[in-house]
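Visitor: how would this look folded up:
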Amino acid sequence: MPKINGNEIRGGNVLEHNGGLWVAVKVDHVKPGKGGAFAQVEMKNLRNGSKLNERFRSADKVERVRLEQKDQQFLYETDGMLTFMDTETYEQIELPADLLGDRRPFLQDGMVAVVEFHESEALNATLPQKVVCKVVETEPVIKGQTASKSFKPAVLDNGVRIMVPPFVGVDEDIIVDTESMEYSERA
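Guide: I've put the predicted structure just below:
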């Protein structure tokens, strides 16, 4: 595994630190008036979800880990575990449902997600950036209100509440950005 200097750490990098695998969530490069520069790194453990704040000087060496990414098809959820299947080998793996956090409702049956592996151990899952959802509840369309930049609340078929433009009505399919959890466009 390649070693990198402490000042080369970027958000999203996976690091091996203190015997665990950590993802850099937030990185601030600090140059104090007195003393050397350092990187203040907020990290999250990929195995147990614990968080850690660490300082790395430019002279510090850390091991950067490259995760193997594979497309996996979501099958079902039981007892808080999500079951995914490799579409080539038909091998099945399980990941905890709380790994997806707020984005869990956007995971649909048969959806293909990117699962990240480290030495055949599944660590993380990423949903597609855009997902089609149906609006099941919102205020009625008001004529003449479509020109303004106002938004109205809506409830999607997966139970998530988001803000949509005034021209979107009930039973309409829309595309939702899973990263920002916001309306993107009509489907």
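Visitor: can you tell me the centre-most residue of the chain?
Guide: In the chain, the centroid-proximal residue (C-alpha atoms, centre = their mean) is residue 126; its distance is 5.5 Å.
Visitor: which strand or helix spans residue 135?
Guide: Here residue 135, judged by DSSP states H and E, is contained in strand 130-138.
Visitor: packing partners of that strand?
Guide: Secondary-structure packing of strand 130-138 (3 or more C-beta pairs under 8 Å, 6 or more residues apart in numbering; DSSP states H and E): strand 152-156, strand 173-177. Quick note: C-beta positions are derived from backbone N, CA and C, even for glycine.
Visitor: element containing the closest residue to the residue nearest to the centre of the chain other than its chain neighbours, please.
Guide: Spatial nearest neighbour of residue 126, chain neighbours left out: residue 114 (4.5 Å); criterion: C-beta to C-beta, 6 or more residues apart in numbering. Using DSSP H and E, residue 114 maps to strand 112-118.
Visitor: possible to save the helices and strands packed on strand 130-138 as JSON lines with distance to residue 45 and mean neighbour count?
Guide: Shown next, in JSON lines, are these (distance: least, C-beta to C-beta, whole Å; neighbours: other C-beta atoms under 10 Å):
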{"stretch": "strand 152-156", "distance to residue 45": "31", "mean neighbour count": "17"}
{"stretch": "strand 173-177", "distance to residue 45": "27", "mean neighbour count": "17"}
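Visitor: can you tell which of those is closest to residue 55?
Guide: Closest to residue 55 of the helices and strands packed on strand 130-138, according to C-beta to C-beta: strand 173-177, at 33.7 Å.
Visitor: if you compare the directions of the closest one and strand 130-138, what angle comes out?
Guide: Orientation of strand 173-177 against strand 130-138 (axes from the mean of the first three to the mean of the last three C-alpha atoms, to 10 degrees) gives an angle of 120 degrees.
Visitor: that older thread, same list (the helices and strands packed on strand 130-138) but as CSV, adding distance to residue 72 and mean pLDDT.
Guide: Converted to CSV, the helices and strands packed on strand 130-138 look like this (distance: least, C-beta to C-beta, whole Å; pLDDT from 0 to 100):
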stretch, distance to residue 72, mean pLDDT
strand 152-156, 24, 92
strand 173-177, 21, 93
